[in-house]
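In: Okay, sequence plus prediction incoming.
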Number of protein chains: 2
Amino acid sequence: MDLYIDRDELGRGLARIQGVVERRSTHPVLAHVLLHAEGDRLRMTATDTEVAFIGDLVANITTGGEVAIDAASLFQVVRTLPESTVRIVLTAGHRLEISSGRAFFRLPGVAAEEYPPLPAFDPMGSIEVKELDLRGQVEQVAFAVSTDDARYGLNGAHLEAYDGGEGEVLRMVATDGHRLSASDIAFTGELTLTPRMLVPRKALAVIRKLLDGHESVTVEFGDAAIRLVRPGQTFWFRLLDGEFPDIYAVVPKEGRHKVLINRATLMDTLKRVHVLIQERPRPVRFAFTESEVSVQVHNVDRGEVNESLPAELEGEAITIGFNSKYLADVLNVLRGERVLLEMGHALGPCRVSDPDDPRAFFVIMPMRLD
Amino acid sequence: MDLYIDRDELGRGLARIQGVVERRSTHPVLAHVLLHAEGDRLRMTATDTEVAFIGDLVANITTGGEVAIDAASLFQVVRTLPESTVRIVLTAGHRLEISSGRAFFRLPGVAAEEYPPLPAFDPMGSIEVKELDLRGQVEQVAFAVSTDDARYGLNGAHLEAYDGGEGEVLRMVATDGHRLSASDIAFTGELTLTPRMLVPRKALAVIRKLLDGHESVTVEFGDAAIRLVRPGQTFWFRLLDGEFPDIYAVVPKEGRHKVLINRATLMDTLKRVHVLIQERPRPVRFAFTESEVSVQVHNVDRGEVNESLPAELEGEAITIGFNSKYLADVLNVLRGERVLLEMGHALGPCRVSDPDDPRAFFVIMPMRLD
């Protein structure tokens, strides 16, 4: 391997894979990135065997070749290089020489043969979605995925087909038992879903980081795996083998108490509430009346917050306790000016949505007030 | 207590004391700030009994009073307030009510009588120095203070009078046994130094944070304590009772090998060196020849850096090993274009300075090369 490559192109490529490689594995080669130079492309492959990323970078290649290099080291090295042109040469003993201006590094590598091969992928169908749609969907849903490893079927975000009225949409839904997120996006092509379409947390995190563009991305459905393809980049991940519960039985369609609140105003109030709620969750009292909501939290050690903000209530007055961090998570991924809260009774689920955008909804279970 | 105060004025005042209050003390009241409202001033007092800060803020006071409030909570609350005008009212049971626009907080407080009184201070002499000079002096010296609590006499920065040629200057010097920093500043007034003038680390950190202006500050010398006074603010600290060693016996006056290097170029090189040096210190090989220095580090696990940069050497060629982080710390607090290194032999101390500014010098002990 002997090639020249642009430092910033190489740096961006390495930034993308930092969330894919696995530093704490018992298999140290998984902390490496496989470099493969051929033709006019430097291909980077990173995997932890559950997710994998392949990215091609433009390079001026004199001699091809391949080697695996510690991904974090290489990234740090590239970020300190002084000149925009970088020369990379593979020498005996799998050592990689990196030079740029007066800087010269020699990094120890591992033979490409020791890098785990990627499993075969047999696409059974594929769709096209807008990158920003998919990224927005993941942002709206990922925070509700359970982090409790004992609840395996809740450790991912579930993909479903849903008839949104104007044809089928792709729904992503997640719940940790205390709250739920669901978000729909449009697609073109053929959706090939099996009953177990659980996207693991790590794949969700990588998708959020990778999809930074305004183009569309191809989503391919394989056997218990999914592949995202865009020009020069492929992201593969294995689906979880858990069974996602039927959540629609507990999702309220609408409630007897409907409240409209300005989203930014409520977010500001919650910021103040969170000053006094630090470690363990604590119910925040929301008292909804015809034209306002009074928000109150009382913490014997740290003090009390009490404020009222304008609200429009349809239905009778109601007082309900929420984990305010759950509510803040939802407000944070909505974009509209107002937020709609729909409640049946003080101990029942609360449905949260943007009244002007039906493509996502959220459910928060209340907390019992003292 | 019933007063109105500007939110940003209050926030700046509370920011200043966050480094003074002590959160981990067995005496919880030391995590509090004492608020005292009287006349047209809200006075804030914070102390851990080794250092103390008193700051006056302009306020519109209807009723005076005093109370101690958790300093971190109050600061967090103030930062979330929506309006620039803040009302503060002390109510029964030492509870402080804070309101601003629709926001309302009630924080639990402690009676002012439970707050530790500040010790008497009897100034025996005082000088005036420029704030930026003193702050710069602390920045140049603080990093060399020993963090090894077993070496009590090195746990602070030592103040000395030194004849700089054009009259007496105030020198601050610190060492951890591996490196040394000394920095001189001008003053007017009467210097009243005792042999034990050891400024503790925490006081150095607070001084760096407090002195943000371009005015001068009064330094008062008391009995084993020092007070810094500027309009509306007083910072007091106790000196350490340790004996600072006589360091001049080991400080080289000049060396047989003198090297001039561009400071920014050398800093860039060290940034790359540090990519491969992470946990434990490791000697970096500096080979100085007539017109260049070759910098090299080899780490079996992580790889190798090797680069040459222009240098002007007076004297014979020399190869020496340094802890490059010590060198980087020094380069970081110099301001000149060039840096001068003076060495006697490969295992002797190296004197580092700005060739165009004699007001500070540094000593770094070399490391043995393998």
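Out: Yep, it's here.
In: Every contact and neighbour count from this point should use C-alpha atoms.
Out: Will do.
In: chain center to the biggest helix by length in chain A, what's the gap?
Out: When chain A is parsed with DSSP state H, its longest helix is helix A:263-276. Averaged C-alpha coordinates place helix A:263-276 at 24 Å from its chain's average position (CA atoms, centre = their mean, to the nearest Å).
In: ok, now stretch A:86-99?
Out: In terms of CA atoms, centre = their mean, the centre of stretch A:86-99 is set 35 Å apart from its chain centre.
In: helix/strand/coil for residue A:140?
Out: helix (DSSP: H, G, I helix; E, B strand; the rest coil).
In: If you drop the residues flanking it in sequence, what lies closest to it?
Out: residue A:333 (5.5 Å; CA to CA, 6 or more residues apart in numbering or on different chains).
In: Residues contacting stretch A:24-41, please?
Out: The contact list for stretch A:24-41, computed with CA atoms under 8 Å, 6 or more residues apart in numbering or on different chains, reads A:1, A:21-23, A:42-48, A:56-61, A:63-72, A:110, A:112, A:114-115.
In: Sort out for me which of those are in helices.
Out: The members of the contacts of stretch A:24-41 that map onto helices under DSSP H are A:71-72.
In: Now narrow the contacts of stretch A:24-41 to whatever sits close to chain B.
Out: Among the contacts of stretch A:24-41, proximity to chain B is found for none (CA under 8 Å from any CA of the partner chain).
In: Now, of the contacts of stretch A:24-41, which are buried?
Out: A:1, A:21-23, A:42-48, A:56-61, A:64-72, A:110, A:112, A:115 (16 or more other CA atoms under 10 Å in any protein chain shown).
In: if we can go back for a sec, my guess is the residue nearest to residue A:140 meets residue A:139, correct?
Out: Yes: contact criterion CA atoms under 8 Å: residue A:333 and residue A:139 qualify, at 6.9 Å.
In: More neighbours: which of these two?
Out: Neighbours were counted for residue A:333 and for residue A:139 using other CA atoms under 10 Å in any protein chain shown; residue A:139 has more, 19 against 15.
In: any idea of the pLDDT on that one?
Out: Turning to residue A:139, the model gives it a pLDDT of 97.
In: Name the nearest residue to the residue of the stretch 151-300 of chain A at minimum distance from chain B, ignoring sequence neighbours.
Out: Nearest residue of the stretch 151-300 of chain A to chain B, counting by CA to the nearest CA: residue A:272, 5.8 Å away. Nearest in space to residue A:272, with sequence neighbours left out and distances taken as CA to CA, 6+ apart, is residue B:80 at 5.8 Å.
In: Could you check how far the one you found is from residue B:8?
Out: 11 Å (CA to CA, to the nearest Å).
In: Between the two, tell me which one has more neighbours.
Out: Taking other CA under 10 Å, residue B:80 and residue B:8 do not tie; residue B:80 has more neighbours (19 against 16).
In: Roughly how far does the more buried one sit from residue B:68?
Out: Counting by CA to CA, the gap from residue B:80 to residue B:68 is 20 Å.
In: Show me what from the stretch 251-370 of chain A comes close to chain B.
Out: A:268-269, A:271-272, A:275-276, A:301-309.
In: filter those residues to the buried ones?
Out: Judged by 16+ other CA under 10 Å, buried ones among these: A:269, A:271-272, A:275-276, A:302-309.
In: Please consider this matter closed, and thank you.
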